[in-house]
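In: please work out how this folds:
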Amino acid sequence: MLKTRYTLIYVLLMTCIVVASNFLVQFPLNGQLLGINLGDILTWGAFTYPVAFLITDLTNRQFGPKAARKVVFAGFVVGVGLSFYTSVPRIAIASGSAYLAGQLLDISVFNRLRRQAWWRAPLTGSLIGSALDTMMFFSFAFAAFFAFIGPNEPFALEQAPILGIFATQAPRWISWAIGDFSVKVTVGLVMLLPYGALMNVLKPMQPVRAS
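Out: Predicted coordinates for the structure are as follows:
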């Protein structure tokens with residue numbers, strides 16, 4: 001009963017994060033910082049999505065990779081399904097594909113490193129998973145090559161300086177991807193604080209074999 005209750009809580013949290021991130025990724029930041037147009041490098045979704053890796057890692061730590069995969073798949077089905085109502089279909093498809101690949105990679109990496117220093121598994125897993133997720137999502141969602149998935153956002157394809165500062169011109173979605181991943185790295189480091197605080201509370205329910 002306790003495992004089921006916690007698993008449902010993790011599924012609910014994961015669903016909320018996926019839906020919120022899919023909605024917020026459609027909105028670039030407004031304003032400037034150090035002369036850089038923030039709308040050229042970041043969307044609001046970059047600040048919420050990394051929390052999904054925290055949820056996955058806490059589930060993995062407490063109940064093991066099998067339970068973590070169940071939470072990921074449940075979040076995928078419910079979250080992506082709802083995302084078709086809160087965002088355009090192409091965003092939902094791109095998010096679902098990237099989410100599934102990134103989260104499952106995170107689980108695999110975490111499980112291999114779970115016996116090492118407490119911070120290594122969640123940090124390494126989230127960073128590697130985030131890299132794959134970012135590459136897949138922004139390519140599927142905005143690259144002209146994947147236009148067969150659905151109509152594109154014209155603003156994403158406009159040429160702009162990479163990260164808003166370098167002379168090299170590229171579609172704006174590439175700057176979004178670089179900025180998004182930079183934020184994910186930063187938030188991933190910050191997420192070590194709640195993970196470290198909760199790891200002594202949410203202890204493994206049973207020994208988990210690293211594989």
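In: quick one: the strands in the protein?
Out: For the chain, the strands defined by DSSP state E cover 32-33, 36-37, 159-161, 169-171.
In: among those, which gets the worst mean confidence?
Out: Confidence, taken as mean pLDDT, is least for strand 159-161 of these (a mean of 65).
In: ok, the closest residue to residue 133 other than its chain neighbours - contacts?
Out: Among residues not flanking residue 133 along the chain, residue 102 sits closest, at 3.1 Å (Cβ to Cβ, 6 or more residues apart in numbering). C-beta coordinates here come from the backbone N, C-alpha and C atoms, glycine included. Applying Cβ atoms under 8 Å, 6 or more residues apart in numbering to residue 102 gives the contacts 129, 130, 132, 133, 136.
In: export the residues you listed as JSON lines, with columns for distance to residue 90, pLDDT and neighbour count.
Out: Output for the contacts of residue 102, formatted as JSON lines (distance: Cβ to Cβ, whole Å; pLDDT from 0 to 100; neighbours: other Cβ atoms under 10 Å):
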{"residue": "129", "distance to residue 90": "22", "pLDDT": "95", "neighbour count": "29"}
{"residue": "130", "distance to residue 90": "21", "pLDDT": "93", "neighbour count": "25"}
{"residue": "132", "distance to residue 90": "19", "pLDDT": "95", "neighbour count": "16"}
{"residue": "133", "distance to residue 90": "16", "pLDDT": "92", "neighbour count": "28"}
{"residue": "136", "distance to residue 90": "13", "pLDDT": "93", "neighbour count": "18"}
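In: how far away is residue 107 from residue 68?
Out: Here residue 107 is placed at a distance of 5 Å from residue 68 (Cβ to Cβ, to the nearest Å).
In: and for these two, which residues touch both?
Out: When contacts are counted by Cβ under 8 Å, 6+ apart, residue 107 and residue 68 are jointly contacted by 56, 60.
In: circling back to that earlier point, closest to residue 45 out of the contacts of residue 102?
Out: Nearest to residue 45, judged by Cβ to Cβ, of the contacts of residue 102 is residue 133 at 11.3 Å.
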